[in-house]
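**Q** can you look at this prediction? I've put the sequence above it.
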Amino acid sequence: MQSKTLRHLLTSLFTFSALIGNAQSNSSRLVAITHCTNDGAYYAPTDSNTMSYSGTRGGDLKSAILAFDISYQWTYNSGMNTYGNNAQTTRTYDNNNNLLSSTAHTWNAISSAWDNSTRELYTYDNNNNLLTHVSQMWDINVSNWRNMTKVINTYNSGNGITSVINQNWGPSSSSWINYDKYIYAYDSLNNLNSKMYQSWNQGGNSWANQNLHMYSYTANKKMTNDIYQVWDAMNNNWQNSTKKVWNYGTGNTTLFAELDQYWNTISSNWNNQQQMLYTYDTLGHMLNKVTQNWINNDWMNYSNMVNTYDSTFNVTLKEQQTWDTSSVAWLNVSANAYTYDANKNVLSNISEIWDANISAYDNTTRIQYAYNGLSQMTLLTTDTWNPGAFWEATTTDIQNRYYYENYATGITALNALNAALSVYPSPAQGQLYIDLKAENNGTAVITIYDLQGRIMNQWTANNTGNYHSTISVSSLPSGNYIIKVAGNGNNIVKQFSVLN
């Protein structure tokens, strides 16, 4: 079976373009990547990828998918100082730029030709929701495609996904055989109420319950509870297992505590297990995230994450600390130090380890980044700290080079809000910061969507002339999301990612 993460990522590949509406008329798309490894003297190429596109399709490192027509992977031959064929991927699309097929080929050095390898096939409904995804492998014995797995999605009238069925191909029966199933239910506000997981009982020819998530929310769509239950087949009912609780400040806008509990079957009560406590500055930037464990009927400190900001609210230092019970104090463990450019792109990320002997951080590794005028990454380089107090490239260090081309999207430029939207960091862990500056003060609706087009959070922003907000994304699964600011019938859209 293919990974569940990939299945859900592909559930709605191009919802992003539908949400954008009008966007910039010119953009830049990724056309090549060169991967290099340091050989002790310099960063030498190891392999390279090239992508070619047609029409208004594109993509870059921030995109959920690169909508290319054909991509090649080349392997570098250092002895001959040339690149050789390795792999090829071809893709086709419908008139709405939905991906219809993606076919992978490998290079056959003997026949000097591309051999079929794997193929992905997709179908959609009239709302561009992904209906089916079939994975196939090339069978060299019969010179034809052989079915492997299939995903079937269903949706409600609001385009919220209601079920995902995964199937495997049965060669003996030449038919699809159910494997597992996810069932999603929503409340009247389109909040996800529950997610049930079932497996297929081949002998009983029926679906068997396995586990269930039940969710609850505040009035402004902030998740407050996630109760996880497992199915007791013997007693034919759901049994509590774990519970996650989110607590917010005034107005239910800022997350202050997360609580993890487990169900005590003996006392039939929820027992504390772990909690995370958040503190913020006056502008809503997270300063501390303290993790505590429940021990002997009391909360005991375990770890602490400390953020330091510059004058433009970039995180310049992220420290990890651990609680020392003997000294009853926080002890530094490690840190990451960041620098940024004027567009809030990270320029460097230095990893550090605390040296208790000198009461200071020792550098370990560094990642440096470069960008083009559209804030697309053009260079990523790693190096290592030498105890002699200088940075050097070692044989474990790498360099990636990214190349782009400009193209016309064919969509009229629009930013009638006359506003600048910043969303950071990306990927976000726990908290996401939103800065909106508009020429004219007013009101806008801010919405966060997943790539299936479902509303994950929505609220009204006043004072758009200088608006700042901190929201919790700790309840969002890791992945890519879209934030849209709508006002006066016009939209500003950005994409961000979450890593929880």
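**A** Thanks, I have the structure now.

**Q** pLDDT score for Thr89?
**A** Thr89 is assigned a predicted lDDT (pLDDT) of 97.

**Q** wait, what's in contact with it?
**A** Thr89 is in contact with Phe68, Ile70, Ser71, Ser102, Thr103, Ala104, His105, counting by C-beta atoms under 8 Å, 6 or more residues apart in numbering. C-beta coordinates here come from the backbone N, C-alpha and C atoms, glycine included.

**Q** so how many other residues sit close to the last one?
**A** Spelled out, that is His105. Using other C-beta atoms under 10 Å, His105 is surrounded by 19 other residues.

**Q** that older thread, nearest to Gly204 among the contacts of Thr89?
**A** Nearest to Gly204, judged by C-beta to C-beta, of the contacts of Thr89 is Ser102 at 35.8 Å.

**Q** tell me the predicted confidence for the closest one.
**A** For Ser102, the model assigns a pLDDT of 97.

**Q** right, and it touches Arg91 too?
**A** Yes. Counting by C-beta atoms under 8 Å, Arg91 is a contact partner of Ser102 at 4.8 Å.

**Q** quick revisit: any of the contacts of Thr89 buried? List them.
**A** Phe68, Ser71, Ser102, Thr103, Ala104, His105 (16 or more other C-beta atoms under 10 Å).

**Q** would you map the strands across the stretch 301-450 of the chain?
**A** For the stretch 301-450 of the chain, applying DSSP state E, counting those that start in this stretch gives strands covering 315-324, 329-340, 346-355, 360-371, 377-386, 390-392, 398-408, 419-424, 431-438, 444-450.

**Q** okay, those in TSV with mean pLDDT, distance to Asn307 and mean neighbour count next?
**A** Formatted as TSV, the strands of the stretch 301-450 of the chain follow (pLDDT from 0 to 100; distance: least, C-beta to C-beta, whole Å; neighbours: other C-beta atoms under 10 Å):
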stretch	mean pLDDT	distance to Asn307	mean neighbour count
strand 315-324	97	5	17
strand 329-340	98	10	16
strand 346-355	98	14	16
strand 360-371	97	15	16
strand 377-386	97	23	16
strand 390-392	97	25	11
strand 398-408	92	27	16
strand 419-424	79	12	18
strand 431-438	82	9	20
strand 444-450	81	22	21
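
**Q** please identify which of these is closest to Gln229.
**A** Proximity to Gln229, assessed across the strands of the stretch 301-450 of the chain by C-beta to C-beta, is greatest for strand 444-450 (23.4 Å).

**Q** can you tell me the strand partners of whichever helix or strand comes after the closest one and which way each runs?
**A** Going down the chain from strand 444-450, the next helix or strand is strand 455-461, by DSSP states H and E. Strand 455-461 pairs in its sheet with strand 444-450 (antiparallel), by DSSP bridges.

**Q** need the nearest residue in space to Pro45, chain neighbours excluded.
**A** Nearest residue to Pro45, sequence neighbours excluded (C-beta to C-beta, 6 or more residues apart in numbering): Tyr76, at 4.2 Å.

**Q** you'd agree the one you found is in a strand?
**A** Yes. Assigned with DSSP: H, G, I helix; E, B strand; the rest coil, Tyr76 falls within a strand.

**Q** quick one: it from Asp355, how far?
**A** Applying C-beta to C-beta, to the nearest Å, the value for Tyr76 to Asp355 is 39 Å.

**Q** and if you look at Phe496?
**A** Separation of Phe496 from Asp355 (C-beta to C-beta): 35 Å.

**Q** re the thing from before, ok, now which ones touch the residue nearest to Pro45?
**A** With contact set as C-beta under 8 Å, 6+ apart, Tyr76 has these partners: Ala44, Pro45, Thr46, Asp47, Ser48, Thr82, Tyr83, Gly84.

**Q** now the buried members of those residues.
**A** Using 16+ other C-beta under 10 Å as the burial test, the contacts of Tyr76 include Pro45, Asp47, Ser48, Tyr83 as buried.

**Q** need those residues in TSV with distance to Gly465, secondary structure and pLDDT, can you?
**A** Formatted as TSV, the buried ones among the contacts of Tyr76 follow (distance: C-beta to C-beta, whole Å; DSSP: H, G, I helix; E, B strand; the rest coil; pLDDT from 0 to 100):
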residue	distance to Gly465	secondary structure	pLDDT
Pro45	49	strand	92
Asp47	49	strand	94
Ser48	47	strand	94
Tyr83	52	strand	87
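
**Q** with distance to Asp125 added, can I get the residues you listed in TSV?
**A** Formatted as TSV, these follow (distance: C-beta to C-beta, whole Å):
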residue	distance to Asp125
Pro45	44
Asp47	38
Ser48	38
Tyr83	42
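
**Q** of those residues, closest to Ala32?
**A** Each of these was checked against Ala32 using C-beta to C-beta; the closest is Ser48, at 6.7 Å.

**Q** now the closest one: how far from Gly55?
**A** To Gly55, Ser48 is 24 Å away according to C-beta to C-beta.

**Q** same deal with Gln88?
**A** For Gln88, the distance to Gly55 equals 20 Å [C-beta to C-beta].

**Q** ditto for Tyr371
**A** Between Tyr371 and Gly55 the computed distance is 26 Å (C-beta to C-beta).

**Q** now swap in Asn406 and tell me
**A** Relative to Gly55, and taking C-beta to C-beta, Asn406 is found at 15 Å.

**Q** cool, Pro477 as well?
**A** 32 Å.

**Q** same check, this time on Arg366
**A** Distance from Arg366 to Gly55, counting by C-beta to C-beta: 40 Å.

**Q** and for Asn225?
**A** In this view, Asn225 and Gly55 are 46 Å apart by C-beta to C-beta.

**Q** poorly predicted segments of this structure, please.
**A** 1-26, 409-419, 439-441, 451-454, 463-464, 488-491, 500 (pLDDT under 70).

**Q** contacts only, for Ser466.
**A** I think there's a mix-up here, since residue 466 is Asn and not Ser. With contact taken as C-beta under 8 Å, 6+ apart, Asn466 is in contact with Leu436, Lys437.

**Q** begin at 22, not 1, for the rest of this chat.
**A** Happy to do that; since the first residue is 22 now, the last one works out to Asn487.

**Q** show the backbone phi and psi for it.
**A** phi -160, psi 80 (degrees, to the nearest 10).

**Q** for it, give its distance to Lys505.
**A** Taking C-beta to C-beta as the measure, Asn487 and Lys505 are separated by 20 Å.

**Q** name the helices or strands packed onto the strand or helix carrying Tyr236?
**A** Here Tyr236, judged by DSSP H and E, is contained in strand 227-238. If you count contacts as 3 or more C-beta pairs under 8 Å, 6 or more residues apart in numbering; DSSP states H and E, strand 227-238 packs onto strand 196-207, strand 213-222, strand 244-253, strand 258-269.

**Q** so which of those strands is nearest Met321?
**A** Closest to Met321 of the helices and strands packed on strand 227-238, according to C-beta to C-beta: strand 258-269, at 18.9 Å.

**Q** tell me the angle of the closest one relative to strand 244-253?
**A** Compare the direction of strand 258-269 with that of strand 244-253 by axes from the mean of the first three to the mean of the last three C-alpha atoms, to 10 degrees and you get 160 degrees.
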